[in-house]
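J.: can't give you the sequence, but here's the structure:
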């Protein structure tokens, strides 16, 4: 039986049913995502989205009741990008989990602001479809429910953690203005290394600017390729732990 509170969720309400609705939820979400990608999540507001759509703010409230509902639409739209088309879904558990993880990583690194700003968004239809695909990837294994859930969460944690770290590294690699937090952190790090109390760190980075040594430290692999190596190590470890068959070489 439906709860009286269900109407509070935008997914439980049909879109406004005029004969010719001016806007769709997809249009609204796409507009909000474009603003966040260009200017950051803080630039997203009901007024701003309405302006980009050429509508009055009160008109937008006819389609989306609150800023929280707008955030829910944005998150659901991003999760729609993560979904793998059915005709492309791999049959082997390893290939399927790899495809889901890599596609999720690609989307998160394309929209890095979402790592923080959308983490508390309510679960939408595409979140459920994403979880369904993760379960489908393990349907052919002998894993029980707790182990399936554990493996899916291990992969999910690795994806989000790696995407977050990649975003931080890219930010740190940008030119740091004098007096900025990044500049202050770099100067502090160099000062501490110079004390001699961090010999392993000093051996890794040397005595110069850590950013100049970064390319040597991380090696020639791209961020995406480093992610793939880590994901492969994780899934091979899972295969060893749970006696799961790996795909033919």
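T.: Alright, I've got the coordinates. Everything numeric in this text was worked out from a predicted model, so none of it was measured. Residues are numbered from 1 along each chain as shown.
J.: nearest residue to the middle of the chain?
T.: residue 108 (3.1 Å; C-alpha atoms, centre = their mean).
J.: contacts for stretch 137-157, please.
T.: Outside stretch 137-157, the residues within contact range by C-beta atoms under 8 Å, 6 or more residues apart in numbering are 90-93, 96-97, 100-101, 104, 131, 134-135, 231, 234-235, 238, 242, 244. C-beta here means a position set from N, CA and C on the backbone, and glycine is covered the same way.
J.: ah, wrong one, I meant stretch 184-200
T.: Under the contact criterion C-beta under 8 Å, 6+ apart, stretch 184-200 has outside partners 176, 201-202, 205, 207, 209-211.
J.: need the contact list for the nearest residue to residue 121 once chain neighbours are set aside.
T.: Nearest non-adjacent residue to residue 121, counting by C-beta to C-beta, 6 or more residues apart in numbering: residue 75, 3.6 Å away. Contacts of residue 75 were listed using C-beta under 8 Å, 6+ apart, and they are 114, 118, 121-122, 124, 127.
J.: and residue 74, by the same measure?
T.: Counting by C-beta under 8 Å, 6+ apart, residue 74 touches 29, 32-33, 36, 44, 114, 118, 121.
J.: that one and residue 126, how far apart?
T.: Residue 74 sits 11 Å away from residue 126, going by C-beta to C-beta, to the nearest Å.
J.: for residue 148, give its distance to residue 140.
T.: For residue 148, the distance to residue 140 under the criterion C-beta to C-beta works out to 11 Å.
J.: so if I had to pick from those two, which one is more boxed in?
T.: Between residue 148 and residue 140, counting by other C-beta atoms under 10 Å, residue 148 is the more crowded of the two (18 against 13).
J.: that one and residue 247: what is the separation?
T.: As judged by C-beta to C-beta, residue 148 and residue 247 stand 19 Å apart.
J.: what of residue 129?
T.: 24 Å.
J.: follow-up on the earlier one: the residue nearest to the centre of the chain touches residue 165, doesn't it?
T.: No: contact criterion C-beta atoms under 8 Å: residue 108 and residue 165 do not qualify, at 11.2 Å.
J.: want to throw the contacts of residue 75 into a markdown table with neighbour count, secondary structure and distance to residue 184?
T.: Formatted as a markdown table, these follow (neighbours: other C-beta atoms under 10 Å; DSSP: H, G, I helix; E, B strand; the rest coil; distance: C-beta to C-beta, whole Å):
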| residue | neighbour count | secondary structure | distance to residue 184 |
| --- | --- | --- | --- |
| 114 | 21 | helix | 27 |
| 118 | 19 | coil | 29 |
| 121 | 20 | coil | 33 |
| 122 | 15 | coil | 37 |
| 124 | 21 | coil | 40 |
| 127 | 18 | helix | 38 |
